[in-house]
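[1] Fold the stuff below for me.
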Amino acid sequence: MDERKKIRAFYQRYQNRIQAGILGAVYLCFFLWGLCSYQDYGISWDEKIQREHGLVNLKYVYEQIHGAGAVPEGFPDIAQNLETYSARYYGIGIKIPLILIEYLCGFQMTARQIYGMNHLYTFLLFFCASIFVYRIAKKLKYGFWYALLAVLLFISCPRILADAFYNIKDSAFLSLFVIMLYYGICVMEEFRLRSAAGLAVCAAFCLNTRIVGAFPLGITCIFYLCRQRGGMWKRTAQVFGTGAFSALIYMLITPASWGNFISFISHAVRVFSNYQHIGYVSLGNRVYLDTDLPWYYTVYCIFATVPLLYSAGSVTGVFAALKELAGKGPDQRSQPDQIQTMLLAQFLSLLLYDALMRPIKYNMWRHFYFLFIYITLFTVKGIRYVWETGRIRRLAVNVLVCGSMAVTCIWIAASHPYEYAYFNLLLPTADTDAMRYDYWHVSGQDLLRRIQSDPDRNVYVEDCSGLYFGESGWENYHHNYEKDGAEYKTDYSEAGTKLPVIYRRLDEIQVGGRTVGSLLQRIHYHDCLGKYFIS
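    As a prediction, the model looks like this:
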């Protein structure tokens, strides 16, 4: 007992230093892990598309400065003009640093350097967002250990963690959204120019990346305007001033809007509110048109692809928040209560909007990855609520939380770099087998490395792994753009999909007994009759 008292006294005496050391160690370990891991992931097919968006915008800006037709020395052969570019409504604000680095290097960087830089940059954005997760939790008065738990939950969800390297669109939006949410909370507490400027800048980049960020931002403005009866005109002027500054930044980082800003915004809203992408989406053993998904699609995908701790904890946290909201009148709510109410309103409103409006979605819930910050915070809220209900349950809660996180981290380490193939234990195996595991084709790099011993590596290039060809270690790989003419090809189809008749499965990458990607080899038919039927 005396030893316990001494330890407790020592901890209380140096509490701040100890907590700072623990938090710093967690962030340092995560940062070093990211630096060691960002090159483990292959190139996703969307990274090449996003780079092209940036280069088309850079070409337009360069022509505005140096005259029509002018391009920087070494600029890639890109014929599209921004005025007629079909993807001109896609924002490139968050990619400006990447484009500038290429420009400063005279566009002499190799594909491995370009996309490795993309991966590192996307991870650094996610790392910065994890710092703001801690700060948001402290604003909610969660205390050090619960705030630390929020950070650990944020950085250890397998799919979110994997996308934090190669998903320059959805993961970057999640990171920007977290930072914007933090500054929104700061403004809710007290309007200061520093907080308002941070909110304006983050909102501009956030909306430039995905326009849906305007929805929770609008709810933040409503809560701020209605926070008290007096001073409505002053708060209205502050909101409009912040909005005007944000709009100016948005315009500066969106070259496509320079001609007519109002017209561009109205067209962008119309394009993304009724985005046309006719395709098919697997949900369990059923296949839907992406224009006719069931109302519960996003919620189903969230529950299927996050560990059970998040599912059970977030539902419990929402219940606890609603219970607290119902038990306190408007005058009894503290500032953290008001912030929590705002977060709850944003979260539930977004889920309701998705269920009622059913916007276009494909590949699970990646378009709604920004909801993950709410899931993280309400999971911590749920854990805290259960832990504080009674002493008998505390040991069980501690064991379940630590056990769940340990199992998840072990799975991440064992499955790296294919964490994106994670499904939780509640989803039936038959349902997961009907879904595509490697939507982004990032396993293609590792699949092609399995034929390095073949002197004639004639590969059908249908994904971005071919961008490595010609570089050190990839000199003997050869492009082939004929779909059925290559010696090798990669395949990422759903389980059970029939292979092309002239190909056999040579090798595959499996995670948890499920095939992520396959390497196919051409079958050579030597008899005339076989060749006739294959032709």
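
[2] How about the secondary structure of Phe126?
    helix (DSSP: H, G, I helix; E, B strand; the rest coil).

[3] Neighbours of it, how many?
    24 (other C-beta atoms under 10 Å). All C-beta spots, glycine's among them, are computed from the backbone N, C-alpha and C.

[4] now it: how far from Ile451?
    Applying C-beta to C-beta, to the nearest Å, the value for Phe126 to Ile451 is 33 Å.

[5] now do Glu73
    37 Å.

[6] Figure out the helix or strand that Tyr437 lives in.
    When secondary structure is defined by DSSP states H and E, Tyr437 falls outside every helix and strand.

[7] who's in contact with it?
    418, 420-421, 492, 511, 514-517 (C-beta atoms under 8 Å, 6 or more residues apart in numbering).

[8] try 10 Å
    Tyr437 is in contact with 418, 420-423, 443, 492-495, 509-512, 514-517, counting by C-beta atoms under 10 Å, 6 or more residues apart in numbering.

[9] next one: Arg194
    Taking C-beta under 10 Å, 6+ apart, one finds 183, 186 in contact with Arg194.

[10] Could I get the pLDDT score of it?
    On pLDDT, Arg194 comes in at 93.

[11] more neighbours, Glu73 and Ile451?
    Ile451 (19 against 8).

[12] my read: the more buried one touches Leu519, true?
    Yes: under the criterion of C-beta atoms under 10 Å, Ile451 makes contact with Leu519 at 7.0 Å.

[13] overlap in contacts of these two?
    Common contact partners of Ile451 and Leu519 (C-beta under 10 Å, 6+ apart): 459, 488, 506-507.

[14] what's the burial count for the residue nearest to Ala256 when sequence neighbours are not counted?
    Leaving aside its sequence neighbours, Ala256 sits nearest to Arg88 (C-beta to C-beta, 6 or more residues apart in numbering; 4.3 Å). Using other C-beta under 10 Å, the number of residues around Arg88 comes to 24.

[15] so who does Arg88 touch?
    Arg88 touches 53, 56-57, 60, 80-82, 254-257, 264, 267-268, 271, counting by C-beta under 10 Å, 6+ apart.

[16] Can you point out the buried residues in stretch 283-294?
    283, 290-291, 293 (16 or more other C-beta atoms under 10 Å).

[17] SS state for the residue nearest to Leu308 when sequence neighbours are not counted?
    Using C-beta to C-beta, 6+ apart and skipping the chain neighbours, the partner closest in space to Leu308 is Asn424 (5.4 Å). Three-state assignment for Asn424 (three-state DSSP): coil.

[18] so Asn424 touches Tyr310, yeah?
    Yes: Asn424 lies in contact with Tyr310 (C-beta under 10 Å); the separation is 8.7 Å.

[19] got the residue ranges for the strands in the stretch 101-250 of the chain?
    With DSSP state E, counting those that start in this stretch, there are no strands along the stretch 101-250 of the chain.

[20] what's the pLDDT at Phe31?
    For Phe31, the model assigns a pLDDT of 97.

[21] cool, and Ala203?
    Model confidence at Ala203 (pLDDT) stands at 95.

[22] cool, His277 as well?
    pLDDT, read off for His277, is 62.

[23] and the nearest residue to Gly198 once chain neighbours are set aside, how many residues sit next to it?
    Leaving out its chain neighbours, the residue that sits closest to Gly198 by C-beta to C-beta, 6+ apart is Tyr183, at 4.1 Å. Summarising burial for Tyr183: neighbours were counted as other C-beta under 10 Å, giving 22.

[24] Check which helix or strand the nearest residue to Val461 once chain neighbours are set aside maps to.
    Nearest residue to Val461, sequence neighbours excluded (C-beta to C-beta, 6+ apart): His479, at 5.2 Å. Applying DSSP H and E as the criterion places His479 in strand 477-480.

[25] which of the residues in that strand are buried?
    The neighbour-count check on strand 477-480 (16+ other C-beta under 10 Å) flags 477, 480 as buried.

[26] Give the full set of residues in contact with the residue nearest to Thr209 when sequence neighbours are not counted.
    In space, and not counting its chain neighbours, Thr209 is closest to Phe173: 4.6 Å by C-beta to C-beta, 6+ apart. Going by C-beta under 10 Å, 6+ apart, Phe173 touches 91, 94, 125, 167, 180, 205-210, 212-213, 366-370.

[27] Helices of the stretch 51-200 of the chain, residue ranges please.
    Under the criterion DSSP state H, counting those that start in this stretch, helices of the stretch 51-200 of the chain are mapped to 96-104, 111-139, 144-155, 158-166, 170-189, 193-209.

[28] Can you name every helix or strand that the third one contacts?
    Judged by 3 or more C-beta pairs under 10 Å, 6 or more residues apart in numbering; DSSP states H and E, the packing partners of helix 144-155 are helix 15-37, helix 111-139, helix 158-166, helix 308-327, helix 372-387, helix 391-415.

[29] one step back: out of the helices of the stretch 51-200 of the chain, the one nearest Thr220 is which?
    helix 170-189 (4.3 Å; C-beta to C-beta).

[30] Need the mean per-residue confidence for the closest one.
    95.

[31] Just the buried ones from the contacts of Tyr437?
    418, 420-423, 443, 492, 509, 511, 514-517.

[32] Which members of those residues occur in strands, if any?
    509, 511, 514-517 (DSSP state E).

[33] pLDDT added to the residues you listed, as a markdown table?
    Shown next, in a markdown table, are those (pLDDT from 0 to 100):
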| residue | pLDDT |
| --- | --- |
| Ile509 | 90 |
| Val511 | 86 |
| Arg514 | 80 |
| Thr515 | 84 |
| Val516 | 87 |
| Gly517 | 87 |
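
[34] quick check, nearest of the residues you listed to Val306?
    Val511 (16.5 Å).

[35] before we move on, the earlier item: what sits against the residue nearest to Leu308?
    Contacts of Asn424 by C-beta under 10 Å, 6+ apart are 158, 303-311, 408, 432.

[36] Equivalent analysis for Lys489, please.
    444, 447-448, 458-463, 480, 483, 500, 503, 506, 518-522.

[37] isn't Tyr460 right up against Gln521?
    No: judged on C-beta under 10 Å, Tyr460 makes no contact with Gln521 at a distance of 11.1 Å.
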